[in-house]
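Engineer: Generate coordinates for the sequence data below:
(chains A and B)
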Amino acid sequence: MENTQPATAGRQDPTALPIGILAIAGMTVFAAVFLMAESEAAVGGLLAFAAVAVLGAGKLGLLERVRAAFRDHELTMHTAIVIGALAIAWVFREDHFALLMLTMAMLYLTACLGLNVQLGYTGILNFAGSSFLGVGCYTAAVLTQHTAIPPLVILPLGGLMATIVGSVLILPVLRTRGHYAAVVTIAFAVLFKTFLEVNDSLGGPQGLAVGEMTLFGWGFNSNIEIGDFYASFYMNYFLLALVITILAFALTRRIERSWVGLNMDAVRIDELAASCFGINLARWKITAFMLGNFMIGTAGALLGMILGFIAPTNFTFADSLILLSIVLLGGMGSVWGIALASAIIVMLPEKLQLIQEYRFLLFAALVILVLRFRPNGLLPRADRIYFPGWRPR
Amino acid sequence: MKLGRSFLATAAALALAAGVAQTPAVAKEKVTVAFIGPLSGGVAANGLGGRNSADLAVKLRNQDENAKYEYELLTLDDECKPNVGVQVATRAAANRDVVAGVTHYCSAVAMGTVDTYNKFGLPVVVWGAVLPDITYANDYPEVHRVNGTMINQNQVAAEFMTDQGYETWVVIHDTTDYGQGHKKYFTESLEKNGGEVLATFGVTADQQDFTAELTQAKSLNPDVIYFGGLTPIGVRIRSQMDKLGIDAQFEGTSGIVSDAYIEGLGELAEGTVAFIEGAPIEKLPGGQYFKEQYDKANYNEPPEAYGAFAFAAMNLVLDKIEEVGPDRRKVRDALNKVEGRDSIVGEITFDDHGQNAVALITKFVVQDGKWVVWEDSEYASGERKLNGM
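Structural biologist: Alright, predicted model coming up:
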């Protein structure tokens, strides 16, 4: 994990920031065009273009500068990305479907950041990601239908429920190691789905309706119409999801930079060495597991409200694998990599609807290719940077 | 923008109606219709069969020189998952070019997406999902369904069996939505027809041994053992009934009407009765035509049980677009008025929930190792008798 990137000499590269900003602008435009692409030729051409552009930029050393920009001008770059996301949302303000896809990508990102705390930092393999997403969804369904709790409060409650349900697994996960702990979570995923199917009070196999999000009396399922301005109701969810994603993102980053993240890394890399240095393994594993589940459950609660209807078939083992594959594809522990991978995994199968039943073939082949040629993910995790602008010597 | 589009569409439709009448050679306006079904995953075979059938309907219409529009089919995969279903439904419904849709094989997906269709005002005709709530749990004018529901199937089943003179039942069902639904609606219909359910047992979909349930059932000595579920358990229950010496009549649902049921049981299958929504293709009013056209089009996959419904649903949608023009609201209203319309799956009449009220149900009995339509069987003519009669 210790990065191969050579420590550049002390001075900052003045061209880094403009190139970084340009890169973000380019990606924003590309994402917008990609979302608009309708035909097979356009989607295929854009994918080829992206591959060539990234490879070319790598050859010209531009990627190195973009990385430097992220390191030296973190706040500016992050702000630029948020502005980019908002710009895309503005372009697609009337397009329900594009906004839905963007929102889904962000919620998957939030859930995967939770998985990242577990797997990427602490090394706990959680094969029940979609189950905890499901706990969030079902919490939202039950609470919106049967109580008057404000929906905004339901979001953290969804996370809380996922944490509580997940705590059932703490002992088995602590007592087992590696593959065995993974099997425990697989068993839980299967158990969870079966439980939902036989439990009639939770809708059984047919599922449950979920109420909409409301904020200060504003129903999120209504389109936004202010004077001449019109925007899809998904814009509401998009903005909320953006806020949640930013919070989850900031939290993950802060954890990584703090002594907490350092301890978690130590637990992952070598349990024995870590405990020799006085790190309490159980404490950090429990912390990571519960915090991760909380993030997944919170994302799940909002996901349920957006979908409006949930059923056990949404939360199969295969869906957990998709969440995990986002983390692996992006790069374990790499928050930006996971952001990129969420976007790819959510959008690409949708764009490949054009080739219908063959799309998962192509999709799976792409994932395998990436893992073969970039085993550390699309954007491998970089060195820990304790302070913005700080660089390892 | 909304106004502009629909105005344009209406204007274009009017212009076409006026202009095309004299000069049919003029390029036709393009109209997009959607098909949504499970093209990947466990029930992909049914989804692909439905997709091909809908595609066939569109192709045949495009070959028709009298058609006013040229149709384009937008096919989307719901993977039989509600979350994906909502996504693709949003994609189709939010696309203003899509005038109407033929949607969903999986009940849970259809339940999740009806709100989306209502929100965006896209008229749809469900082609395969059987859960009654899809049409009956809401008042959405956009949602219609050509195929029958479990309610229809079990009404026919209960009426038929009580007419035969049976009085008492033990109901066994699997715990999926399929089995649960059948239990519920069969029990309700049976009460109306004066039959009595002595006991009900739920079993999981992969259970192997039914001795416990069947021993209890035997002590109750019912006339009929009703099973709501799919072929694999149906085979096991029927053969274990024999081992325990239960001589009650065995009655199944659409889930056991398959060749595998007879292959799995051999002689024991004789005399089992079951009911399906629809009919075998060759028995459908326009089945021969559909089969010929389907074979001619050389699809890789067979149409499967619900292909004919997808074909009929798509044809109905296209007919309505031809009649009132490519305008969502007009198509929706026209669909709601459908009454006594001929189709290859029989007459279609939508009730006030958009449900086909004259859904076709076929009764089957196993005779000499084959599923035979009841009316054609020796049981109906009196040469053979069901158990206990």
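Engineer: any idea how far the closest residue in space to B:W374 that isn't next to it in sequence is from chain A?
Structural biologist: Among residues not flanking B:W374 along the chain, B:K363 sits closest, at 3.7 Å (Cβ to Cβ, 6 or more residues apart in numbering or on different chains). No exception for glycine: its C-beta is placed from N, CA and C like everyone else's. Using Cβ to the nearest Cβ, to the nearest Å, B:K363 is found at 27 Å from chain A.
Engineer: so when I look at B:K363, I'm seeing a strand, right?
Structural biologist: Yes - according to DSSP: H, G, I helix; E, B strand; the rest coil, the state of B:K363 is that of a strand.
Engineer: Surely it is in contact with B:A279?
Structural biologist: No - the pair formed by B:K363 and B:A279 falls short of the contact definition of Cβ atoms under 8 Å, at 10.1 Å.
Engineer: any common contacting residues for the two?
Structural biologist: B:V373 (Cβ atoms under 8 Å, 6 or more residues apart in numbering or on different chains).
Engineer: could you list every residue that touches residue 334?
Structural biologist: Unless you meant another one, I'm taking chain A. A:G120, A:G377, A:L379, A:P380, A:R381, A:A382.
Engineer: Sorry, I should have been clearer: chain B.
Structural biologist: Applying Cβ under 8 Å, 6+ apart to B:A334 gives the contacts B:K320, B:E323, B:V324.
Engineer: what helix or strand does it sit in?
Structural biologist: Here B:A334 sits within helix B:328-336, counting by DSSP states H and E.
Engineer: chain center to that helix, what's the gap?
Structural biologist: Distance of helix B:328-336 from its chain centroid, counting by Cα atoms, centre = their mean, to the nearest Å, is 22 Å.
Engineer: quick one: buried residues of it?
Structural biologist: B:R328, B:K330, B:V331, B:R332, B:A334, B:L335, B:N336 (16 or more other Cβ atoms under 10 Å in any protein chain shown).
Engineer: cool, stretch A:203-219 as well?
Structural biologist: By neighbour count with 16+ other Cβ under 10 Å, stretch A:203-219 contains the buried residues A:G203, A:G204, A:P205, A:Q206, A:G207, A:L208, A:A209, A:V210, A:G211, A:E212, A:M213, A:T214.
Engineer: Could you export those as a markdown table, including pLDDT, distance to A:V33 and secondary structure?
Structural biologist: Converted to a markdown table, these look like this (pLDDT from 0 to 100; distance: Cβ to Cβ, whole Å; DSSP: H, G, I helix; E, B strand; the rest coil):
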| residue | pLDDT | distance to A:V33 | secondary structure |
| --- | --- | --- | --- |
| A:G203 | 77 | 40 | coil |
| A:G204 | 75 | 43 | helix |
| A:P205 | 75 | 41 | helix |
| A:Q206 | 75 | 40 | helix |
| A:G207 | 79 | 36 | coil |
| A:L208 | 83 | 38 | strand |
| A:A209 | 82 | 36 | strand |
| A:V210 | 84 | 33 | coil |
| A:G211 | 81 | 36 | coil |
| A:E212 | 80 | 31 | coil |
| A:M213 | 80 | 30 | coil |
| A:T214 | 77 | 34 | strand |
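Engineer: which of those lies closest to B:D78?
Structural biologist: Nearest to B:D78 among the buried residues of stretch A:203-219: A:G207, at 13.9 Å, using Cβ to Cβ.
Engineer: Please verify my assumption that the closest one contacts A:G308.
Structural biologist: No - contact criterion Cβ under 8 Å: A:G207 and A:G308 do not qualify, at 10.6 Å.
Engineer: just the strands in the stretch 101-250 of chain B please.
Structural biologist: B:124-126, B:143-145, B:168-174, B:196-203, B:224-228, B:249-251 (DSSP state E, counting those that start in this stretch).
Engineer: and these as JSON lines, adding mean neighbour count, mean pLDDT and distance to chain A?
Structural biologist: Compiled in JSON lines, these are given as follows (neighbours: other Cβ atoms under 10 Å in any protein chain shown; pLDDT from 0 to 100; distance: least, Cβ to the nearest Cβ, whole Å):
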{"stretch": "strand B:124-126", "mean neighbour count": "31", "mean pLDDT": "93", "distance to chain A": "15"}
{"stretch": "strand B:143-145", "mean neighbour count": "28", "mean pLDDT": "92", "distance to chain A": "14"}
{"stretch": "strand B:168-174", "mean neighbour count": "24", "mean pLDDT": "92", "distance to chain A": "10"}
{"stretch": "strand B:196-203", "mean neighbour count": "16", "mean pLDDT": "90", "distance to chain A": "8"}
{"stretch": "strand B:224-228", "mean neighbour count": "28", "mean pLDDT": "92", "distance to chain A": "13"}
{"stretch": "strand B:249-251", "mean neighbour count": "24", "mean pLDDT": "93", "distance to chain A": "23"}
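Engineer: Quick one, which of the ones you listed gets closest to B:G42.
Structural biologist: It is, among these and with distance given as Cβ to Cβ, strand B:168-174, at 15.4 Å.
Engineer: Could you check how far that closest one is from the centre of its chain?
Structural biologist: Relative to the chain's own centre, strand B:168-174 is displaced by 23 Å; criterion: Cα atoms, centre = their mean.
Engineer: Around chain B, pick out the residues from the stretch 1-150 of chain A.
Structural biologist: Within the stretch 1-150 of chain A, the positions near chain B by Cβ under 8 Å from any Cβ of the partner chain are A:E94, A:D95, A:H96, A:F97, A:L100, A:M101, A:M104.
Engineer: and the closest residue to B:T116 other than its chain neighbours, helix, strand or coil?
Structural biologist: Nearest residue to B:T116 in three dimensions, chain neighbours excluded: B:A89, at 4.3 Å (Cβ to Cβ, 6+ apart). At B:A89 the chain is in helix, as set by three-state DSSP.
Engineer: The buried residues of stretch A:203-219: which ones sit near chain B?
Structural biologist: Filtering the buried residues of stretch A:203-219 for proximity to chain B by Cβ under 8 Å from any Cβ leaves A:G204, A:P205, A:Q206, A:G207, A:A209.
Engineer: check contacts around the residue of the stretch 51-200 of chain A found nearest chain B.
Structural biologist: Residue nearest to chain B within the stretch 51-200 of chain A: A:H96 (3.7 Å; Cβ to the nearest Cβ). Counting by Cβ under 8 Å, 6+ apart, A:H96 touches A:S232, A:F233, A:Y234, B:T90, B:A93, B:A94, B:F120.
Engineer: Residues of the stretch 1-150 of chain B that sit close to chain A?
Structural biologist: B:1, B:39-40, B:44, B:48, B:51, B:75-77, B:80-83, B:86-88, B:90-91, B:93-95, B:107-108, B:111-113, B:115-116, B:119-120, B:131, B:133.
Engineer: ok, now how distant is the one residue in the stretch 151-300 of chain B that gets nearest to chain A from A:G331?
Structural biologist: Residue nearest to chain A within the stretch 151-300 of chain B (Cβ to the nearest Cβ): B:D177, separated by 4.0 Å. Distance of B:D177 to A:G331, computed by Cβ to Cβ, to the nearest Å: 40 Å.
Engineer: A:F249 now?
Structural biologist: From A:F249 to A:G331 the distance is 15 Å (Cβ to Cβ).
Engineer: Show me which of these two is the more surrounded one.
Structural biologist: Legend: neighbour count by other Cβ atoms under 10 Å in any protein chain shown for A:F249 and A:G331, higher for A:G331 (24 against 20).
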